[in-house]
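# Below are the sequence and a predicted model for it; my questions follow.
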Amino acid sequence: MKLRVAGLLFLFPLLAGLLCAQSDPAALSGRIEGHTYYSPTGAYRITIPVLRELGGTVNDTDNVVTFEDHFTVHISIATFPQDATQRWELSTRGIKDYLTVFFTDFVVPDFQRMVPAISIESITFLPKTQGGALIAYTLLPGGSMFGDRPTIDGDTRGHVAKRGNLLFVRDGFIYVISTELAERITEGTSYHKTTAEEDQFLKDHLMDILSKMTFMKPAAAQ
């Protein structure tokens, strides 16, 4: 499948330090009005899911925005336009197969540049979400965005980060929303959630992020 994935290297938060900070709004590719972030793609706007009072920042590129704070929030939203070939691939493969291939062939290799030992724990298809969406749960040994935060019990051993990734297609754009389960790291040895509980927690968080988004059907997607 031929996909235009320019800029995908910046999708994930391990490279967030290369992006522009909210403290310099003029440097943002998108824009902020009040408590709303507008994507430079023109595809959507979102109620900003972090607070300045808690150290919240907004970083972006032309295709990706990252929201984080000093505690447990780290969210990335990537938006990539499809060309005619990609739309044809979607129509012939079907949404489930199309998103699965995109995740395994493009998103996972992007993670692997920084976390070679990444693995896919499970993938779930949600037929009633955005006309068909995919949630992929990934494990990233040593790949946490919260690895430098103090844990509840002072445990400093290496941990395996877990991320939930929501993929869907809307108005000619491929969306990838990604967030980490911070408590898996910050709670140290006192952390005891089951895999099912982790999956539900991440799913609920991803659905909450999605609920904060308003799609605007940009001219570029016509």
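Happy to help now that I have it. Numbers count the residues shown, from 1 in each chain.
# Now Thr41: closest residue in space, sequence neighbours ignored.
Nearest residue to Thr41 in three dimensions, chain neighbours excluded: Thr79, at 5.0 Å (C-beta to C-beta, 6 or more residues apart in numbering). C-beta here means a position set from N, CA and C on the backbone, and glycine is covered the same way.
# What strand or helix carries the one you found?
strand 74-81 (DSSP states H and E).
# Figure out how far that strand is from the centre of its chain.
Distance of strand 74-81 from its chain centroid, counting by C-alpha atoms, centre = their mean, to the nearest Å, is 5 Å.
# Could you do stretch 61-79 as well?
The answer for stretch 61-79 is 7 Å, by C-alpha atoms, centre = their mean.
# Report the buried residues of it.
Buried residues in stretch 61-79, counting neighbours by 16 or more other C-beta atoms under 10 Å, are found at 61, 63-69, 72-79.
# Give me the distance between the two termini of that stretch.
10 Å (C-alpha to C-alpha, to the nearest Å).
# buried sites along stretch 200-215?
Within stretch 200-215, the residues that count as buried by 16+ other C-beta under 10 Å are 201-203, 205-206, 209-210, 213, 215.
# related to what we said a few turns ago, show me what the helix or strand just after the strand holding Thr79 is packed up against.
Next helix or strand after strand 74-81 toward the C-terminus (DSSP H and E): helix 84-93. Using 3 or more C-beta pairs under 8 Å, 6 or more residues apart in numbering; DSSP states H and E, the elements in contact with helix 84-93 are helix 95-102.
# got the angle between the helix it packs on and strand 74-81?
Per axes from the mean of the first three to the mean of the last three C-alpha atoms, to 10 degrees, the angle that helix 95-102 makes with strand 74-81 is 110 degrees.
# Just the CA trace of helix 95-102, in PDB.
Provided in PDB are the C-alpha atoms of helix 95-102 (Å, rounded to 0.1, in the frame of the first residue of the first chain):
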ATOM      1  CA  ILE A  95     -11.600  -0.200   6.700                       C
ATOM      2  CA  LYS A  96     -10.500  -2.900   9.100                       C
ATOM      3  CA  ASP A  97      -7.700  -4.300   6.900                       C
ATOM      4  CA  TYR A  98      -6.700  -0.800   5.800                       C
ATOM      5  CA  LEU A  99      -6.200   0.500   9.300                       C
ATOM      6  CA  THR A 100      -4.500  -2.700  10.400                       C
ATOM      7  CA  VAL A 101      -1.900  -2.500   7.600                       C
ATOM      8  CA  PHE A 102      -1.300   1.200   8.300                       C
END
